[in-house]
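Enquirer: Fold the following for me, if possible:
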Amino acid sequence: MVSRAPAMTDSSKDAIRATVRAALADARAESVGTRSQAICARLLAYDIANRASVVLAHAPSPPEADIRFAVRAWITGGKTVCLPRIDWDARTMAPAVVTDLDNLVTKRHGILEPPDDAPTVGVEDLDLILVPGVAFDEKCNRLGRGGGFYDRFLATVPARVKTVGVAFEAQVIPCVPMDRHDRALDAVVTESRVILRPKG
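Expert: All right, here's what the predicted structure looks like:
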């Protein structure tokens, strides 16, 4: 049986974040590891990911899914893999190339980033962006942590670049409230399935 987040009774974004985070906090560590491995397997088998040459991934922060196995496989396989370099003052992020996940640097809020000398690539050079979030729905709408970094970044990305959310099934809820500036993703990958954005 697919594990889902509880039905929402309050549509506010803060209430949804609190509900989903509580559901994730209840998960056992070994279950998180197993489900993260299943997500990595789906990512590595996903045709869009296989066709991508330049990928913007992310370093997971608990309780996010740990996608490092897939990221390492892509690096070993010859893809150009980037992670976000965050400018906290400007509240922006830029893709910086990584070749070794063991060389990441811990920055503000404990977030792992590429070293300062890692080269950046332009958004127009990306083929695929793996997008973290707190909650997603089956229309591939996304609710982030509230800082707006990915919302601002995705607004600059060309339409040809595929955007794929990464989440546990417990993060998939019936409906994510969307603001006018929010952008739906192309797909969401969980441990159980690949959810595609409805056409039309």
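Enquirer: In contact with residue 123, which residues?
Expert: By Cβ atoms under 8 Å, 6 or more residues apart in numbering, the contact list for residue 123 reads 95, 153, 156-158, 161. C-beta: built from backbone N, CA, C; applies to glycine.
Enquirer: hmm, I was thinking of residue 96
Expert: Going by Cβ under 8 Å, 6+ apart, residue 96 touches 82-85, 113-114, 118-121.
Enquirer: closest to residue 171 among the residues you listed?
Expert: Nearest to residue 171 among the contacts of residue 96 is residue 84, at 19.6 Å by Cβ to Cβ.
Enquirer: what's the helix or strand for that closest one?
Expert: If you go by DSSP states H and E, residue 84 is part of strand 80-87.
Enquirer: same question for that strand, mean pLDDT?
Expert: Mean pLDDT, computed over strand 80-87, is 97.
Enquirer: Partner strands of it, with direction?
Expert: The strands beside strand 80-87 in its sheet (DSSP bridges) come out as strand 54-56 (parallel), strand 92-98 (antiparallel).
Enquirer: for the first one, which positions count as buried?
Expert: Within strand 54-56, the residues that qualify as buried by neighbour count (16 or more other Cβ atoms under 10 Å) are 54-56.
Enquirer: got it, and the last one?
Expert: Within strand 92-98, the residues scored as buried using 16+ other Cβ under 10 Å are 93-98.
Enquirer: so after that strand, what's the next helix or strand?
Expert: strand 105-106.
Enquirer: How about residues contacting that next one?
Expert: In this structure, residues lying in contact with strand 105-106 by Cβ under 8 Å, 6+ apart are 112-116.
Enquirer: hmm, back to that, in TSV: the buried residues of strand 92-98, plus distance to residue 141 and pLDDT.
Expert: Formatted as TSV, those follow (distance: Cβ to Cβ, whole Å; pLDDT from 0 to 100):
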residue	distance to residue 141	pLDDT
93	20	96
94	25	97
95	23	98
96	28	98
97	30	98
98	29	98
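Enquirer: ok, the residues you listed vs residue 60, which is closest?
Expert: Residue 60 has its nearest neighbour among these in residue 98, at 13.8 Å by Cβ to Cβ.
Enquirer: Touching, residue 173 and residue 136? I think so.
Expert: Yes - shown here, residue 173 and residue 136 form a contact pair, counting by Cβ atoms under 8 Å, at 7.4 Å.
Enquirer: got the contact list for the longest helix along the chain?
Expert: Under DSSP state H, the helix in the chain containing the largest number of residues is helix 29-45. If you take Cβ under 8 Å, 6+ apart as the criterion, helix 29-45 is touched by 27, 49-50, 60, 63, 65-67, 69-70, 73, 130, 166, 168-169, 189-194.
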